[in-house]
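**Q** below: sequence and its predicted model.
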Amino acid sequence: MDALLDNLPLLRDGFLTTLRLTLISGAIALVLGTLLGAFRVSPVPTLRGFGTFYVELVRNTPLTLVFFFFVFAAPQIGIKLPFDTSALVALSLYTAAFVCEAVRSGVNSVGVGQAEAARAIGLTFTQTMSQVVLPQALRTVVPPLINIFIALTKNTSVAVGFFVTELMAVGIRLTNRHPADSVVILLGIAVFYLLITIPSGILAARLERRVAFAR
């Protein structure tokens, strides 16, 4: 326990970095994924094809490879970003593909009559999506979105291999310094992750009940 207590400031900083990566990349992924979800159901073939291509490409690419591209390959073509920013971009773009599929499933759950009625009163596709379909779809997909963001929290640990001092990086550093206390240190790191994931799970359950009641 002494290894944990003596390094609480370091653990706090790692936890805050992990939390920042989760919140910022989660917000970006939500916006981008919602836009891509609209592309996936768009009547415009080009947009629909782009959305499909993006999702299939990113979902079938390991997250480590996405990190590798932005940290090592992108600078070779003139895209130079700080390590923390590269981590945010990689996590955002990767998570957006999963958000997109969740949103698309929510859009498909909205009755066809809703969109037909909107078009019948003269709304454009964009107006129909933003004012009629997406508000209903997003209520439906709140629980799976929370699960995606819980997975995102754990995915931030990949940044440890790309020069970002987040929670897992701190854990590895401490286990190297105090090998005899490695089990206790790793259990402490797990507790810090649970401080993010458990409240997220509770929030998902409450929102799911609220959505069910609203329906």
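**A** Here it is on my side, so go on. Computed from a prediction, not measured in an experiment: that's the story for all the values here. Numbering: from 1, shown residues only.
**Q** now do the buried residues in the helix or strand hosting residue 154.
**A** Using DSSP states H and E, residue 154 falls within helix 142-155. Residues of helix 142-155 classed as buried: 142, 143, 144, 145, 146, 148, 149, 150, 152, 153, 155 (neighbour count, 16 or more other CB atoms under 10 Å). C-beta here means a position set from N, CA and C on the backbone, and glycine is covered the same way.
**Q** quick one: average pLDDT of that helix?
**A** In this model, helix 142-155 has a mean pLDDT of 88.
**Q** how about the CA coordinates for the next helix or strand along the chain from that helix, as PDB?
**A** Once the chain leaves helix 142-155, the next helix or strand it forms, by DSSP H and E, is helix 167-177. Extracted in PDB, the C-alpha atoms of helix 167-177 (Å, rounded to 0.1, in the frame of the first residue of the first chain):
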ATOM      1  CA  LEU A 167      -3.300   5.900 -15.900                       C
ATOM      2  CA  MET A 168      -1.800   2.600 -17.300                       C
ATOM      3  CA  ALA A 169       1.500   4.300 -18.100                       C
ATOM      4  CA  VAL A 170       1.700   5.400 -14.500                       C
ATOM      5  CA  GLY A 171       0.900   1.900 -13.400                       C
ATOM      6  CA  ILE A 172       3.700   0.400 -15.500                       C
ATOM      7  CA  ARG A 173       6.100   3.000 -14.200                       C
ATOM      8  CA  LEU A 174       5.300   2.200 -10.600                       C
ATOM      9  CA  THR A 175       5.400  -1.600 -11.000                       C
ATOM     10  CA  ASN A 176       8.900  -1.100 -12.500                       C
ATOM     11  CA  ARG A 177      10.000   0.900  -9.500                       C
END
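**Q** and helix 167-177, which residues are buried?
**A** 167, 168, 169, 170, 171, 172, 173, 174, 175.
**Q** same for the helix or strand following that helix, what does it pack against?
**A** On the C-terminal side of helix 167-177, the closest following helix or strand by DSSP H and E is helix 182-214. With contacts defined as 3 or more CB pairs under 8 Å, 6 or more residues apart in numbering; DSSP states H and E, helix 182-214 has these neighbours: helix 2-5, helix 8-40, helix 134-140, helix 142-155, helix 167-177.
**Q** re earlier: tell me the one of the buried residues of helix 142-155 nearest residue 110?
**A** Looking at the buried residues of helix 142-155 and their distance to residue 110, the nearest is residue 142, at 14.3 Å (CB to CB).
**Q** what is the burial count for the residue nearest to that closest one when sequence neighbours are not counted?
**A** Excluding its sequence neighbours, the residue lying closest to residue 142 (CB to CB, 6 or more residues apart in numbering) is residue 207, at 4.6 Å. Around residue 207 there are 15 other residues, counting by other CB atoms under 10 Å.
**Q** confidence score at residue 207?
**A** Per-residue confidence (pLDDT) for residue 207: 74.
**Q** ok, now which ones touch it?
**A** Residue 207 sits next to 142, 143, 146 when contact means CB atoms under 8 Å, 6 or more residues apart in numbering.
**Q** where does this protein have low pLDDT?
**A** 1-3, 5, 211-215 (pLDDT under 70).
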